[in-house]
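**Q** Prediction below, plus the sequence it came from.
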Amino acid sequence: MDTRADNPVEPPADLGWLGIDPENCPVRRTLDVVGEKWSLLILRDAVNGVRRFDDFRRHVGMSEAVLADRLRKLVAGGLLETRPYREPGTRSRLEYRVTAKGWELWPVLLALKQFGDRHHGDPVGLMLDIRHADCGAPVRVVVECADGHTHLTNRDVTVHPGPAARPFAEPRH
């Protein structure tokens, strides 16, 4: 009897994507934190130096209630942290800083920018020209393997269920 199907650590080798339960997907869990445009636009602004609530609201163009909710979610998810500040003659307020965990999403934001520049860019040119500080070359996102092979495409990789893959038991309606 093959017990691999009963072992949650070792999924069956023939388990294809449609046989894997997507509830445990790390993309899905990440999107629970950043999976709508307002959160990504807040992160875009935060990595570009926006720190204060009123500046986010003015720059991103969302209601105070939505902004407060998204900021709370990003802080709870560990992507932003708060620090108090106080301008002379005003009450203490919070500013938002990108955490180390939040900076790990920087390549995702760059990939979205790269895609947008290529497929939805302004005919006049780039909105932001991001270049390597040392050599001045444009920055781009590429996929590479752990051994350093770069510029991989979907045709260059194989995908297999990992130890956290769980069989998809029932269809959802």
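**A** Cool, the structure landed.
**Q** Mean confidence (pLDDT) on stretch 38-46, please.
**A** When pLDDT is averaged over stretch 38-46, the result is 97.
**Q** wait, stretch 71-88
**A** Averaging pLDDT along stretch 71-88 gives 96.
**Q** what does it contact?
**A** Here stretch 71-88 makes contact (Cβ atoms under 8 Å, 6 or more residues apart in numbering) with 33-34, 39, 42-43, 46, 52-53, 56, 92-99, 101-102, 105. Placement of C-beta: from N, CA and C, glycine included.
**Q** try stretch 128-142
**A** Pro107, Leu110, Ala111, Lys113, Gln114, Thr150, His151, Leu152.
**Q** quick check, Leu18 in a helix?
**A** Yes. Counting by DSSP: H, G, I helix; E, B strand; the rest coil, Leu18 is part of a helix.
**Q** measure it to Pro167 for me?
**A** Distance, Leu18 to Pro167, using Cβ to Cβ, to the nearest Å: 11 Å.
**Q** which one of those two has more residues nearby?
**A** Pro167 (14 against 7; other Cβ atoms under 10 Å).
**Q** thinking again about what came up before, from the contacts of stretch 71-88, keep the buried residues only.
**A** 34, 39, 42-43, 46, 53, 56, 95-96, 98-99, 102, 105 (16 or more other Cβ atoms under 10 Å).
**Q** which residue is nearest the middle of the protein?
**A** Leu105 (4.5 Å; Cα atoms, centre = their mean).
**Q** Local confidence estimate at that residue?
**A** The model's pLDDT for Leu105 equals 97.
**Q** before we move on, the earlier item: which of the contacts of stretch 128-142 are buried, as a ChimeraX select command?
**A** Buried residues among these (16+ other Cβ under 10 Å), as a ChimeraX selection:
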select :113,114
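**Q** can you list the contacts of stretch 128-142 in JSON lines and add secondary structure?
**A** Shown next, in JSON lines, are the contacts of stretch 128-142 (three-state DSSP):
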{"residue": "Pro107", "secondary structure": "helix"}
{"residue": "Leu110", "secondary structure": "helix"}
{"residue": "Ala111", "secondary structure": "helix"}
{"residue": "Lys113", "secondary structure": "helix"}
{"residue": "Gln114", "secondary structure": "helix"}
{"residue": "Thr150", "secondary structure": "coil"}
{"residue": "His151", "secondary structure": "coil"}
{"residue": "Leu152", "secondary structure": "coil"}
